[in-house]
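Asks: One predicted model, sequence on top.
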Amino acid sequence: MMPLAPFTSAASAAASLASAAYGSLRGSEEEAKGLREVSQAAERAQGLAIHLADRLSTARTDLDSALSPSSVVRGIREVGYRASSVLQRLRSSTVELLSMEDGPTESAEVLGLSRQLWECWHSKHMALTAAERLYLTLLSESRRTAALMAELAAVQRLLQEEPTTELSRQKAVESCSAQIQAQALEAVKAFEGRARDYPCGCPHTRTGLLRISRREEDLSSVREAFQALVCAEEAELLAQAKELLVAPDLRTLTSTLARRQVFWEEQIEENWQQWSHQSGLFHEAQAGAADCWAQLRCAWTLALPMRAKAQHLLEVTAGDQTEQGPALHKVLVEVAATLALLGAWAHFHNLRGDGSVLSEVQALFQSLLECLNTRFEKYQGTAAVREMLRAREAWQLVEAPSHRPDDWWHPDNWPRWNEQAEGPS
């Protein structure tokens with residue numbers, strides 16, 4: 001009988017070799033799986049970055065257009081075509097507008113237009129503010145996506161080099177950090193360039209809505225605030241990149257990065273949907289404001305001055321005290337107060353994109369003041385307009401002393417009614 005020891009030793013050695021071979025094969029499979037996972041995650045991150053870049057370009061173009069005077073003029077021209085049927089109706093009903101019997105109905109229509117004009121104006125400002133905020137959020141998310149791509153690429157290289165060393169991981173962290181720092185610097189430079197070429201600003205503390213920065217000191221404050229935001233984000237991303245150095249298992253880190261990527265995909269999609277919604281609200285409100293303005297201006301041009309003149313003649317020649325006098329006066333006062341509020345609101349927030357409209361608003365406003373001062377003597381001219389403005393919360397938010405005579409919306413610059421004279425002083 002041959003001794004069993006040599007066979008036992010050989011079997012043991014064979015088993016050890018087989019176990020080592022299996023372990024090596026299994027390790028190779030796990031390594032290949034890890035490489036596939038990180039490669040797929042990197043491809044998804046790259047696709048997300050490209051998709052987000054296209055969306056950011058669309059958003060920036062839309063926002064810059066929203067603040068461009070030429071865009072507003074085009075929008076008003078297009079709305080003018082859509083409102084042609086309404087304007088034709090107003091032209092054909094001039095006689096009805098002058099009729100004292102039909103006065104209350106037309107007065108209610110004009111009051112409705114005046115109120116709707118302010119609501120649309122305010123709504124588009126709210127939507128513009130929200131869209132600008134969401135754009136900055138999307139910009140931040142694009143930088144986070146770029147940092148994620150850099151980290152995924154570093155993990156991919158480390159997996160290919162396994163077993164990794166502390167030195168190789170340190171180099172990976174340094175590579176990611178360099179990319180994060182470079183993109184932060186590029187973000188600040190890009191924002192400064194945009195601030196030179198396009199309007200930019202920040203929400204005002206009193207109204208919570210976007211106020212365009214026109215003065216250099218205001219622009220400096222906006223740039224500094226953006227730079228501080230980017231620096232805080234950069235510090236967070238740099239700290240996050242250090243997980244390459246301390247992660248005990250790169251495959252586990254790959255899974256973590258993949259989940260993080262899914263999270264940002266969902267966030268970006270949600271914010272993009274919100275931006276699209278706010279952009280739609282802005283354009284809808286802009287069209288509504290232009291529509292209301294076209295009708296309101298037409299109503300004044302065709303009818304209201306003649307009704308005011310007719311009412312004035314009745315009171316002067318016959319001492320007639322009809323119910324239409326106070327009603328018509330109320331209409332003129334509320335419309336004038338709304339137009340003054342529009343002018344003050346635009347001035348307070350430095351909104352020059354509506355420049356052509358504001359010129360027309362100014363012309364109509366001055367006509368209204370003249371009418372109130374010359375046709376409604378017993379109401380002491382524009383006193384009721386001042387009183388109505390003081391009671392409006394929106395006016396209280398933007399009211400400020402006037403230091404320029406061309407601030408047409410400010411009561412200090414209105415012609416005053418002189419009780420001792422027969423007209424405005």
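Replies: Perfect, thanks for sending it. Worth saying up front: this structure is predicted, and the values here are computed from it rather than measured.
Asks: Okay, now stretch 240-258: how far is its last residue from its first?
Replies: Distance between the two ends of stretch 240-258: 15 Å, counting by C-alpha to C-alpha, to the nearest Å.
Asks: Could you pull out the helices in the chain for me?
Replies: 5-66, 69-82, 84-92, 94-98, 103-160, 166-197, 216-241, 243-246, 250-302, 304-318, 324-348, 355-375, 383-391, 393-398 (DSSP state H).
Asks: the bottom helix or strand of this protein by mean pLDDT?
Replies: The weakest-scoring helix or strand in the chain, judged by mean pLDDT, DSSP states H and E, is helix 94-98 (a mean of 34).
Asks: Pop the domain breakdown of the protein in here.
Replies: 30-289, 303-425 (automatic domain parsing).
Asks: tell me the mean pLDDT for the last one?
Replies: Same thing as domain 303-425. For domain 303-425, mean pLDDT rounds to 77.
Asks: same question, stretch 158-167
Replies: Rounded mean pLDDT across stretch 158-167 is 85.
Asks: Contacts only, for residue 247.
Replies: Shown in contact with residue 247 (C-beta atoms under 8 Å, 6 or more residues apart in numbering): residue 253. (Each C-beta comes from the backbone N, C-alpha and C, glycine too.)
Asks: Phi and psi next, for it.
Replies: phi -60, psi 120 (degrees, to the nearest 10).
Asks: confidence score at it?
Replies: Looking at residue 247, its pLDDT stands at 90.
Asks: buried residues in stretch 390-402?
Replies: In terms of neighbour count (16 or more other C-beta atoms under 10 Å), stretch 390-402 has its buried residues at 394-395, 398-399, 402.
Asks: Include distance to residue 297 when you put the domains of the chain into JSON lines, please.
Replies: Below are the domains of the chain laid out as JSON lines (distance: least, C-beta to C-beta, whole Å):
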{"stretch": "domain 30-289", "distance to residue 297": "9"}
{"stretch": "domain 303-425", "distance to residue 297": "6"}
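Asks: can you tell which of the ones you listed is closest to residue 295?
Replies: The closest of these to residue 295 is domain 30-289. By C-beta to C-beta, the value is 5.4 Å.
Asks: For stretch 191-200, list every residue counted as buried.
Replies: So stretch 191-200, judged by 16+ other C-beta under 10 Å, has buried residues 191, 195, 199-200.
Asks: With respect to residue 345, which of those is nearest?
Replies: Nearest to residue 345 among these: residue 199, at 16.2 Å, using C-beta to C-beta.
Asks: Right, I'll leave it there.
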